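Chemist: Have a look at this prediction, sequence included:
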Amino acid sequence: MAEEKESLNFIEQIIEADLASNKHGGDVITRFPPEPNGYLHIGHAKSICLNFGIAQKYGGRTNLRFDDTNPVTEDTEYVDSIKADIRWLGFDWDDREYYASDYFPQLYEWAIQMIRAGQAYVDDSSAEEIAAMKGTPTEPGKESPYRTRAMSENLDLFQRMKAGEFEEGSRVLRAKVDMASPNMHMRDPVMYRIKFAHHHRTGDTWCIYPMYDFAHGQSDSMEHVTHSLCSLEFENHRPLYDWFIQTLQIYPSRQIEFARLNVEYMLTSKRKLLRLVNEGFVKGWDDPRMSTISGMRRRGYTPASIREFADRVGIAKRENVIEFSLLEYCVREDLNKVAQRVMAVLDPLKLVITNYPEGQTEYLPTENNPEDPQAGTREMPFSKVLYIERDDFMEDPPKKYFRLAPGNMVRLKSAYIIECTDVVKDSNGQVTEVHVRYIPESKSGQDTSGIKVKGTIHWVAADTALNCEVRMYDRLFTVPNPGDDPERDFTAFYNEESLRILDGAKVEPSVKEVQVGEGFQFLRKGYFTLDPDSRAEHLVFNLTVNLKDSWAKVAAKGQPA
RNA sequence: UGACCCAUGGUGUAACGGUAGCACUCCGGAUUUUGGUUCCGUCAGUCAAGGUUCGAAUCCUUGUGGGUCAACCA
């Protein structure tokens, strides 16, 4: 076998170099650090796959750590959904479920240590004053009048902040770094602020809470995270991340930034997703059109397909927008291998086989999955009156139309070849019924008719078909990057046709047994999954992704746009 | 007019001083009882200008373009 050189992304290269130099004694420890203030989305999925995937690849570990330093926005509801989503994606953190809030006592100790060392001070300025003294990216900041406060006073004040003696917003603890630094984050960043808020885990124990910059790197360090992978927007924080580690003389975790995921027609901003929910554009966080993990799960995406997607988009530092077609490719690829085939008619047209005996039913075997012989076969009831797809019949077809038409023979999948003999219309000229004759010798698997047809269509028997509702989903927006327009709000690009409900669909009786979450293919149509809204007497299916449709392209080409 | 980061086909990503490759998309063709799948093929790329070198996508300089940073958010 030819040795193929595996190509590594830049993070893997760093890790392999570290492994080679034995920098961390062979350890590879990563972490996934969500803030429990919202639901996970496709962008998080990339990060999860990266962090857990890297650790798996190099025999390391990944910690799940909730970055819960802001009690105002965080809640256990999110903790639970985040854990469920990560597990569903197929990753496990064993017993390493950590919370930044568990580190509050240590963080407090370190703050005290820094005050004693003259590296932190209590600032009585207001938020506005601090902002004003901070300067701008092009102008240096000014030092706070409280910057030179005596160490003992700082210590006393900070302890009293913790004791709840001061009002919210009246004081903060700041690191003494460099107000003239060209990096805004180094201009004496706030370490602690006062918040009289109930924390989802620590309750009312604390009324001072550390800021991200004084919690994240320290948490990494406490956990001996070797490679702390985050998105590009934290690049400017890295000098501060390193500064705290050096100042505190603690384990040197290393922050490495990569470009976050952007996908056409999908939003990955918590704020915008929240608006979609609150303003009623979608039905909830798990609406199948949402980019949330829970939405994608409900839509019928499989964990394997999302992992594959995360793998294929790659890891690099340049800004990127992934084409939606790659995501579709990944789901189809996975579902094609595993999804059971089912016949369903989404837009039914009645078909009567005039020469088939009235009242007769035969059971015709059909394969469950041609890609997987192990999947076996099932029996489809067949009788005189069937439903076929309305667009599988045309009275006056264009060239190269291989489906049913007067004078055109087609095969009914796994059944017989039929020939159109008559068309019944209503007063509007709308076709309501197609009459055909079937060729008895053309029975699937024992065809002796010698007839060759170009088209095969799917069908269901009218008397045994189940009625169902089918929700056809399309992209949520009319443009690929709805958030990028400087003039118009992203909701202006909401796709009114992102959900189309088909209420008269007919599906073969075998689906009676399917479970929510199971994915299967409606033959020639697409991949679908049962929605939790389903009831025994009213099945509801979600379109996951349609099948590729090369005929649609040909047909569109023949038609003036 | 600051700092930091980025720049390879339409999209995404490799090549680490020595033949610019892979995937998706697009477009052709073969097979097909799913106009699906599978298979084969075509088109298409190093931001620009200088420099170093026998040799530059790769190193250096400058420019251009893009991103991030002025929450007591993460």
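Modeler: Arrived safely, thanks for sending.

Chemist: Find the closest residue to RNA strand B in the stretch 351-500 of chain A.
Modeler: residue A:444 (2.9 Å; C-beta to the nearest atom of the strand). (Glycine included, C-beta is placed from N, CA and C.)

Chemist: before we move on, what SS does the closest residue to that residue other than its chain neighbours have?
Modeler: Distances taken as C-beta to C-beta, 6 or more residues apart in numbering place residue A:414 nearest to residue A:444, at 4.8 Å, with adjacent residues excluded. Of the three states, residue A:414 takes coil under DSSP: H, G, I helix; E, B strand; the rest coil.

Chemist: Can you tell me the SS state at the residue of the stretch 351-500 of chain A closest to RNA strand B?
Modeler: Recorded secondary structure, residue A:444: coil (three-state DSSP).

Chemist: Quick one: neighbours of it, just the number.
Modeler: 17 (other C-beta atoms under 10 Å).

Chemist: got the contact list for it?
Modeler: Neighbour list for residue A:444: A:364, A:366, A:411, A:413-416 [criterion: C-beta atoms under 8 Å, 6 or more residues apart in numbering].

Chemist: Could you tell me how far it is located from residue A:257?
Modeler: Separation of residue A:444 from residue A:257 (C-beta to C-beta, to the nearest Å): 58 Å.

Chemist: quick one on the thing from earlier: filter the contacts of residue A:444 down to the ones near RNA strand B?
Modeler: When contact is defined as C-beta under 7 Å from any atom of the strand, the contacts of residue A:444 meet RNA strand B at A:411, A:413-414.

Chemist: Please name the residues that touch residue A:522.
Modeler: Neighbour list for residue A:522: A:342-344, A:346, A:507, A:528, A:541 [criterion: C-beta under 8 Å, 6+ apart].

Chemist: nearest residue to it other than its sequence neighbours?
Modeler: residue A:344 is the one closest to residue A:522 (C-beta to C-beta, 6+ apart), at 4.1 Å.

Chemist: For the one you found, grab phi and psi.
Modeler: Phi and psi for residue A:344, reported as degrees, to the nearest 10, are phi -140, psi 140.

Chemist: Look at it and say how many residues are nearby.
Modeler: Counted with other C-beta under 10 Å, residue A:344 comes out at 27.

Chemist: so it makes contact with residue A:505?
Modeler: Yes - using C-beta atoms under 8 Å, residue A:344 makes contact with residue A:505 at a distance of 6.2 Å.

Chemist: joint contacts of these two?
Modeler: A:468, A:470, A:541.

Chemist: Three-state assignment for the first one, please.
Modeler: Going by three-state DSSP, the secondary structure assigned to residue A:468 is strand.

Chemist: residues contacting it?
Modeler: Residue A:468 sits in contact with A:344, A:505-507, A:511, A:538-541, where contact means C-beta under 8 Å, 6+ apart.

Chemist: Can you lay out these as TSV showing secondary structure?
Modeler: Below are these laid out as TSV (three-state DSSP):
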residue	secondary structure
A:344	strand
A:505	strand
A:506	strand
A:507	strand
A:511	helix
A:538	strand
A:539	strand
A:540	strand
A:541	strand
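
Chemist: Any of those buried? List them.
Modeler: Buried members of these, scored by 16 or more other C-beta atoms under 10 Å, are A:344, A:505-507, A:511, A:539-541.

Chemist: what's the closest of those to RNA strand B?
Modeler: The closest of the buried ones among the contacts of residue A:468, once distances to RNA strand B are taken by C-beta to the nearest atom of the strand, is residue A:344, at 11.1 Å.

Chemist: beta partners for that closest one?
Modeler: Beta-bridge partners of residue A:344, counted by DSSP bridges, are residue A:507.

Chemist: can you give me the helices in chain A?
Modeler: Here chain A has its helices, by DSSP state H, at A:10-20, A:42-57, A:76-89, A:104-116, A:127-133, A:151-162, A:216-222, A:238-248, A:270-278, A:293-299, A:303-313, A:324-338, A:550-558.

Chemist: Residue A:255 - how many residues pack around it?
Modeler: Neighbour count for residue A:255, taken as other C-beta under 10 Å: 20.

Chemist: surely it meets residue A:241?
Modeler: Yes - applying C-beta under 8 Å, one finds residue A:255 in contact with residue A:241, separated by 5.0 Å.

Chemist: which residues do the two both contact?
Modeler: A:217, A:228, A:234.

Chemist: Retrieve the pLDDT associated with the first one.
Modeler: The model reports residue A:217 with a pLDDT of 98.

Chemist: quick one: it from residue A:223, how far?
Modeler: From residue A:217 to residue A:223 the distance is 11 Å (C-beta to C-beta).

Chemist: Kindly report the same for the last one.
Modeler: Noted for residue A:234: a distance of 18 Å to residue A:223, by C-beta to C-beta.

Chemist: and what of residue A:203?
Modeler: 24 Å.

Chemist: neighbour count winner among those two?
Modeler: Neighbours per residue, other C-beta under 10 Å: of residue A:203 and residue A:223, the larger number sits with residue A:223, 20 against 9.

Chemist: which non-adjacent residue is nearest that one?
Modeler: In space, residue A:223 is closest to residue A:63, 5.5 Å off (C-beta to C-beta, 6+ apart).

Chemist: my guess is the one you found contacts residue A:224, does it?
Modeler: No - contact criterion C-beta under 8 Å: residue A:63 and residue A:224 do not qualify, at 9.6 Å.

Chemist: how about the residues of the stretch 101-250 of chain A near RNA strand B?
Modeler: So the stretch 101-250 of chain A meets RNA strand B at A:125-127, A:130-131, A:134, A:136-138, A:168-172, A:182-185, A:190, A:193-195, A:209, A:211-212, A:215-216, A:232-237 (C-beta under 7 Å from any atom of the strand).

Chemist: Generate a ChimeraX selection restricted to the buried subset of those.
Modeler: Burial among these is assessed by 16+ other C-beta under 10 Å; the matching ChimeraX selection reads:
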select /A:125,130,134,171,172,185,190,193,194,195,209,211,212,215,216,234,237
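
Chemist: Contacts only, for residue A:254.
Modeler: Contacts of residue A:254 (C-beta under 8 Å, 6+ apart): A:226-228.

Chemist: Go again with 10 Å.
Modeler: A:14, A:18, A:23-24, A:217, A:220, A:225-229, A:238, A:241-242, A:245 (C-beta atoms under 10 Å, 6 or more residues apart in numbering).

Chemist: Can you tell me which of the shared contacts of residue A:255 and residue A:241 is nearest residue A:87?
Modeler: Using C-beta to C-beta, residue A:228 is the member of the shared contacts of residue A:255 and residue A:241 that sits closest to residue A:87, with 22.7 Å.

Chemist: Just grab the bridge partners of that closest one for me.
Modeler: Bridge pairing for residue A:228 - DSSP bridges - gives residue A:255.

Chemist: wait, it sits on residue A:242?
Modeler: No - using C-beta atoms under 10 Å, residue A:228 makes no contact with residue A:242, being 11.1 Å away.

Chemist: overlap in contacts of these two?
Modeler: Counting by C-beta under 10 Å, 6+ apart, the residues touching both residue A:228 and residue A:242 are A:217, A:253-255.

Chemist: Among those residues, which pair sits farthest apart?
Modeler: A:217 and A:254 (9.9 Å).

Chemist: what's the overlap in contacts for the two?
Modeler: The contact sets of residue A:217 and residue A:254 overlap at A:225, A:228, A:238, A:241-242, A:245 (C-beta under 10 Å, 6+ apart).

Chemist: Let's have these in TSV, adding neighbour count and pLDDT.
Modeler: Listed next are the shared contacts of residue A:217 and residue A:254 as TSV, based on neighbours: other C-beta atoms under 10 Å; pLDDT from 0 to 100:
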residue	neighbour count	pLDDT
A:225	27	98
A:228	24	98
A:238	18	98
A:241	22	98
A:242	15	98
A:245	19	98
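
Chemist: Just the strands from the stretch 351-500 of chain A, written as ranges.
Modeler: A:361-367, A:377-383, A:385-389, A:409-412, A:417-425, A:431-439, A:455-457, A:459-461, A:466-473, A:499-507 (DSSP state E, counting those that start in this stretch).
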